[in-house]
Structure formats: C-alpha cells, structure tokens
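In: A structural model of the following input is requested.
(2 chains)
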Amino acid sequence: MLETRLKALMIAGLAGDGRAQEALLSGCANRLRQYYARRLPGREADVEDLVQDTLMVIHKRRESYDHALPFTAWLHAIARYKLIDFFRRCRVRETLPIDDVADFSIDDEGTATMARIDIERLLAALPAKHAEAIRLTRIDGLSVKEAAAQSGQSEPSIKVGVYRGLHRLMNALQGKAK
Amino acid sequence: MNTDDFIRTLAADTRPVTAGSGAWRIAGALLAGGFVALLAIDALFGSPLRAVAVTGVMVFAVKLAYAIAMTAVAASLLLVAGRPGRHLGLRWVWLLAPPLVVAAAAAMELGNTSANARPALIMGSTWQTCLIGVVAMSLPIFGALLWSFRRLAPTRLRLAGFLAGLSAGAMASVVYALYCPETTASFMLVWYSLGMIVPAIAGALLARRLLRW
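Out: Alright, predicted model coming up:
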C-alpha cells in the first residue's frame, strides 16, 4: 500500500538514508503531479513548478512531520497549502493587468473628452443648420425623424445638412492635413 | 531543472532528523528570546529579582506561574499549528484555564474590597510600564519563534501567527514577572493578559507576510 511504503521511506529518510529520501521524493512527485494536474488542467508548466516547489518543502521542512500521523495526511496538507498559495499569487499577478486596464479607461475618457472638444470647434465653423443636423444625428444618436422634430427642420433638410456638413468637415480636415 | 535531477539534488543532502526536534526548536527560541528580553529589562530597570523583596515570594510565584502556564499552553499549541495534517481541535480550550483561575482569584479579591478602592487594585501603579514592557520584550521572542518556524510548516498562517504572538507575549511576561512590583490578581488578570493578547493579534495580522513559505 502507498501509505505504508511512503511512511517507511519517510522514516528512513528522517534517519538520514539518502536513497530512501530519493525514492520518497520520486513517489511524492508522482502523487503531486496527479494532484496538481487535476486541479490546474492545461497548465503543465505551473503544475511542474508546483511539484518542485512542494518537493523542496517536503525535503526542507521534514521536521514538521509528526510520526503519529499518516504520511499521506501530512503530504496532502502541504500540497493543499501550496495550491492555495499558488492561487493567491496568481490573483495578485492577474490583478495587475486589471489595474492597467483601469488606467487605460481613464485615459480613454480623457481622449474622448479631447475629441469632443475638437468636434465642437470643427462644427462651429459650419453653417448653424448643418452643425445642428450633425450634432443631433451623429453625436447624440437621434434618428433623422427625431432630429427633424427636435430642431424644427424638415427631414430632407437634416439629411442634406448632415451630408453637406460632413463633406465640408472632411475637406477642411484634409486641407489642414496638407 | 528537470524534476528527477531536482530530486537527486535534494536527496543528496539528506541529514538525519531527530524526533521531537520541532519541539526543541520552539523551546530553544523561547529561551533565547527570553534571555535577550531579560538582558534588556536588566539594562533598563536594574536587577530584576528586586520584585521578590517588594511583593514577597508567594505573590511573585503566582505571577510567575500564570505566565509560565500560558507560555506552556500557547507554545504546545504552536507546535501543533506548525505540523501539516494536525488540527488543534478543542485543545485551544486549554488557553482559557490559566486566566479562569486568575479571574476567580481576582473576583474574590474585588469582592472583599469596597467599590471605591477597586480601580486601584486593577490599575496598580505600573500598568503602563507593564503593558509597554511586556509588548516590547515579546519582540525578540517573536523573532526567535519565527526563526524556529523555518523548519516547520504552518498551513493556517493566521492561527500560527496568533499562537506565536501569544507565546511570545506569555514568555515576555515570565521575564517581566521577575521585575513586576504589583501584588494583586486583578492587575495580573488585566495587564498580563493584555500584554499577551496584543502581540498575539499583531502576530495574526502579520502572519501572511512573516510566516509564508
């Protein structure tokens, strides 16, 4: 049985038997690989890191083993602790990009505000009717019908206003770019 | 490094470990830290055993007994907390035994005193020195206990930190009891216990950072 075999190896290892210790660590490595692979599917590299990390603990902190306990209980408690610790570390790592995203969103808002100011300046150069038609349909997002009702212009005049206004803006921008 | 090579490297360094070395490590840490605390109190307050002359041997012995009992209980629980796979279960109830005995004595003492004299029994004349002294002296002991945990493996860090702090505070009050001139159980119940609880809470709060492995 696994428990009796591993416990015998552990006790021999505690007595200073290097070969028993090596056999013990190999046996533990298999168990740990299964344990972590089942809980971290598709993350082979993390699993192997965790296995080595845990083997290190099993070796360096052997004094924490209580002879009265089953060896597998000790092993399992350590493996579980290391897994939780891993999740905690991941959460820290994975929150960093989220912080970055938050920065971006603030930046986006700033950019949007700047864009809004630019648009207002450009629209100011257009005839009032055209500017109004563009603002209502393209910026406030109204339909042509709603824009007509709100501005008191006819629907065709809104359409024309948008078309001519945008055309002028385009020309103006290209002219500036040249 | 590939895991098989890694295992060979580890196993090449297999030193024998004697049974009970964890317990010795904790005991050693308490004594070493306590000795540093003793040197500190000796430098600050002068000869520690002066207290016996002030209070008489009996009172001194009771204070020492309370502090030693708390140290013993807290440190034995600490050892359990450092072993993966072991659980404290109901053993923590032992922590209540010494304070309950002291509380009974304090209740009798307060019952025999007129109401307006009671605050003096509790506050004594040195409660600030007691609290600050015990908490300060628990620091070297706590540090030594952290060192002793490098070979143990607490899986519940908060609990281990709490018990390490409590052990450190209790050991610090053992040292402080050598100096303490107070004579009442009420004083001991409040200020000695606080001197243990403050490091315990600090230990629990710092455990994540200090005890992680």
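
In: which residue packs closest to residue B:71, ignoring adjacent ones?
Out: residue B:170 (4.0 Å; Cβ to Cβ, 6 or more residues apart in numbering or on different chains). For glycine as for every other residue, the C-beta is placed from the backbone atoms N, C-alpha and C.

In: List the contacts of that neighbour.
Out: By Cβ atoms under 8 Å, 6 or more residues apart in numbering or on different chains, the residues touching residue B:170 are B:67, B:70, B:71, B:74, B:75, B:196.

In: Over to residue A:86?
Out: Residue A:86 touches A:46, A:50, counting by Cβ under 8 Å, 6+ apart.

In: repeat that with 6 Å
Out: residue A:50 (Cβ atoms under 6 Å, 6 or more residues apart in numbering or on different chains).

In: Where does the residue nearest to residue B:71 sit, in terms of helix or strand?
Out: Using DSSP states H and E, residue B:170 sits in helix B:157-177.

In: could I have the least confident helix or strand in chain B by mean pLDDT exported to PDB, CA atoms only?
Out: The least trusted helix or strand in chain B, going by mean pLDDT, DSSP states H and E, turns out to be helix B:50-55, with a mean of 79. Extracted C-alpha coordinates of helix B:50-55, given in PDB (Å, rounded to 0.1, in the frame of the first residue of the first chain):
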ATOM      1  CA  ARG B  50      14.200  43.100  43.300                       C
ATOM      2  CA  ALA B  51      10.400  42.400  42.800                       C
ATOM      3  CA  VAL B  52      10.600  39.500  45.300                       C
ATOM      4  CA  ALA B  53      11.600  41.700  48.100                       C
ATOM      5  CA  VAL B  54       8.800  44.100  47.400                       C
ATOM      6  CA  THR B  55       6.000  41.600  46.900                       C
END
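
In: Can you list the buried residues in it?
Out: Using 16 or more other Cβ atoms under 10 Å in any protein chain shown as the test for burial, helix B:50-55 gives B:51, B:55.

In: what's downstream of that helix, the next helix or strand?
Out: helix B:57-81.

In: Now do that next one against helix B:157-177, angle only.
Out: 160 degrees (axes from the mean of the first three to the mean of the last three Cα atoms, to 10 degrees).

In: just checking, what packs against the helix or strand containing residue A:170?
Out: When elements are assigned from DSSP H and E, residue A:170 belongs to helix A:155-177. For helix A:155-177, the packing partners by 3 or more Cβ pairs under 6 Å, 6 or more residues apart in numbering or on different chains; DSSP states H and E come out as helix A:128-134, helix A:144-151.

In: helices or strands next to the least confident helix or strand of chain B in the packing?
Out: Partner elements for helix B:50-55 (3+ Cβ pairs under 6 Å, 6+ apart): none found.

In: one step back: among the contacts of residue B:170, which one sits closest to chain A?
Out: residue B:75 (15.5 Å; Cβ to the nearest Cβ).

In: which of the contacts of residue B:170 lies closest to residue A:34?
Out: Among the contacts of residue B:170, residue B:75 lies closest to residue A:34 (Cβ to Cβ), at 37.1 Å.

In: Just give the closest residue to the closest one, not the sequence neighbours.
Out: Nearest to residue B:75 is residue B:167, by Cβ to Cβ, 6+ apart, at 4.6 Å.

In: Considering only helices and strands, which part of chain A has the lowest mean pLDDT?
Out: Per mean pLDDT, DSSP H and E, bottom of the list for chain A is helix A:71-124, a mean of 71.

In: The helix or strand containing residue B:122: how far from the chain's middle?
Out: Residue B:122 is located in helix B:118-123, with elements delineated by DSSP H and E. Here the centre of helix B:118-123 is set off from its chain's centre by 25 Å, with Cα atoms, centre = their mean, to the nearest Å.

In: distance of the residue nearest to residue B:71 from residue B:102?
Out: Here the criterion is Cβ to Cβ, to the nearest Å. By it, residue B:170 lies 13 Å from residue B:102.

In: What of residue B:115?
Out: According to Cβ to Cβ, residue B:115 stands 21 Å off from residue B:102.

In: who has more neighbours, the two?
Out: Higher neighbour count among residue B:115 and residue B:102: residue B:102, with 23 against 7, using other Cβ atoms under 10 Å in any protein chain shown.

In: That one against residue B:189, yeah?
Out: Yes - Residue B:102 is in contact with residue B:189 according to Cβ atoms under 6 Å; the separation is 4.8 Å.

In: about what we covered before: so what pLDDT did the residue nearest to residue B:71 get?
Out: Reported pLDDT at residue B:170 in the predicted model: 97.

In: tally of neighbours for residue B:93?
Out: Using other Cβ under 10 Å, residue B:93 is surrounded by 10 other residues.

In: What sits closest to residue B:73 if chain neighbours are left out?
Out: Counting by Cβ to Cβ, 6+ apart, residue B:73 lies nearest to residue B:94, which is 4.8 Å off, once chain neighbours are set aside.

In: still on that earlier bit, how about the residue nearest to residue B:75, what does it touch?
Out: B:74, B:75, B:78.

In: Quick one: residues in contact with the helix holding residue B:122.
Out: Under Cβ under 6 Å, 6+ apart, the answer for helix B:118-123 is B:110, B:184, B:186, B:190.

In: Let me know the angle separating the helix or strand that that helix is followed by from helix B:157-177.
Out: Where DSSP H and E defines the elements, the next helix or strand beyond helix B:118-123 is helix B:127-148. Here helix B:127-148 points in a direction 130 degrees away from that of helix B:157-177 (the same axes, to 10 degrees).

In: For helix B:127-148, name the packing helices and strands.
Out: Applying 3+ Cβ pairs under 6 Å, 6+ apart, we find helix B:127-148 packed against helix B:21-45, helix B:157-177, helix B:193-210.

In: Go through these and pick out the most buried.
Out: helix B:157-177 (a mean of 28; mean count of other Cβ atoms under 10 Å in any protein chain shown).

In: Dump that one to PDB, keeping only the CA atoms.
Out: This file holds the C-alpha atoms of helix B:157-177, laid out as PDB (Å, rounded to 0.1, in the frame of the first residue of the first chain):
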ATOM      1  CA  LEU B 157      -0.900  31.100   8.900                       C
ATOM      2  CA  ARG B 158      -3.200  33.400  10.900                       C
ATOM      3  CA  LEU B 159      -3.600  30.800  13.600                       C
ATOM      4  CA  ALA B 160       0.100  30.100  13.700                       C
ATOM      5  CA  GLY B 161       0.900  33.800  13.800                       C
ATOM      6  CA  PHE B 162      -1.600  34.300  16.600                       C
ATOM      7  CA  LEU B 163      -0.200  31.500  18.700                       C
ATOM      8  CA  ALA B 164       3.400  32.600  18.000                       C
ATOM      9  CA  GLY B 165       2.500  36.100  19.200                       C
ATOM     10  CA  LEU B 166       0.700  34.700  22.300                       C
ATOM     11  CA  SER B 167       3.700  32.500  23.200                       C
ATOM     12  CA  ALA B 168       6.000  35.500  22.800                       C
ATOM     13  CA  GLY B 169       3.800  37.700  24.900                       C
ATOM     14  CA  ALA B 170       3.500  35.000  27.600                       C
ATOM     15  CA  MET B 171       7.200  34.300  27.600                       C
ATOM     16  CA  ALA B 172       7.800  38.100  27.900                       C
ATOM     17  CA  SER B 173       5.500  38.200  30.900                       C
ATOM     18  CA  VAL B 174       7.500  35.400  32.500                       C
ATOM     19  CA  VAL B 175      10.500  37.700  32.300                       C
ATOM     20  CA  TYR B 176       8.600  40.700  33.300                       C
ATOM     21  CA  ALA B 177       7.200  38.900  36.400                       C
END
